[in-house]
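J.: Turn this into a model:
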Amino acid sequence: MLPMYAMSLGDDGAELRPLEPWQAEEFLAHMDRGREFIGARNGLPDVVTDLESSRAYLRLYAEKVATDTGRIHGIWSDGTLVGAVILRRLDVPGGYAEAGCWLEPAAVGKGLVTRAARALIDWAIRVRGVHRVEWVVSSDNEPSIAVARRLGMTRDGVLRASYAYRGARHDEEIWSILAPDWRGAPAG
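T.: Below you'll find the predicted structure:
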């Protein structure tokens, strides 16, 4: 059965769809498959550890959707949830959003995050009127930095030792794209 509100990410059958609390079991299974890989750079696997925490995380984003302060969309490949893109923060009156992403190992190297992030950023800029979209990434996360570059983002700076994660402090880079510079997808 074709899900409602699915957006094709290309000819390979990959799709972008909203993730909602009723999908908590599928989201947890995805997290379990990618827990070690995703957790190397992202704290989400430490938060989503069981069905209730999976449901709570998706409920948090459902509340963000309801208050127009964030979004989460899953990336499906061959009918399996393999990753997600998010607007961690969305401030439409302020013209600002912060995007993020993750993938499980089986989905890496297929361009899925770049295509999905492009669609979400395009929506934020063209539909919601956001002026600036940021991408905050650990300085040692080369794959995510490569996505920022492919999206046409500019590195604004480095926040030295700003992020404590699993007992160590990490530098974070801030990348951004401004609405006048966005060429992510054709209008419409």
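J.: Retrieve the pLDDT associated with P3.
T.: P3 is assigned 50 on the pLDDT scale.
J.: Give me the pLDDT for the nearest residue to G70 once chain neighbours are set aside.
T.: Counting by Cβ to Cβ, 6 or more residues apart in numbering, K64 is the residue found nearest to G70 once chain neighbours are left out, at 3.2 Å. Every residue, glycine included, has its C-beta placed from N, CA and C. Listed pLDDT for K64 reads 97.
J.: again, but for G184
T.: At G184, the predicted lDDT confidence score is 63.
J.: Can you name the secondary structure element that comes next after the helix or strand hosting R55?
T.: Element membership of R55 [criterion: DSSP states H and E] is helix 51-66. The helix or strand immediately downstream of helix 51-66 is strand 71-77, counting by DSSP H and E.
J.: So what are the sheet partners of the next helix or strand after that next one and their directions?
T.: Heading C-terminal from strand 71-77, the first helix or strand you meet, by DSSP H and E, is strand 80-91. With DSSP bridges as the test, strand 80-91 is paired with strand 71-77 (antiparallel), strand 96-103 (antiparallel).
J.: then the first one to CSV, C-alphas only?
T.: Meaning strand 71-77. Below are the C-alpha coordinates for strand 71-77, written out as CSV (Å, rounded to 0.1, in the frame of the first residue of the first chain):
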residue,chain,number,x,y,z
ARG,A,71,9.8,18.7,11.4
ILE,A,72,11.0,15.1,11.1
HIS,A,73,10.8,13.2,7.8
GLY,A,74,11.9,9.6,7.4
ILE,A,75,13.9,8.3,4.4
TRP,A,76,12.6,5.0,3.1
SER,A,77,14.5,2.8,0.7
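J.: Now do the contacts for the closest residue to L87 other than its chain neighbours.
T.: Spatial nearest neighbour of L87, excluding adjacent residues (Cβ to Cβ, 6+ apart): R71 at 4.4 Å. By Cβ atoms under 8 Å, 6 or more residues apart in numbering, the contact list for R71 reads 18, 61, 64-65, 86-87, 90, 120.
J.: where do the helices sit along this protein?
T.: Remark: helices assigned in the chain by DSSP state H are 24-39, 44-47, 51-66, 112-122, 142-150.
J.: For the third one, which helices and strands make contact with it?
T.: In other words, helix 51-66. helix 24-39, helix 44-47, strand 71-77 (3 or more Cβ pairs under 8 Å, 6 or more residues apart in numbering; DSSP states H and E).
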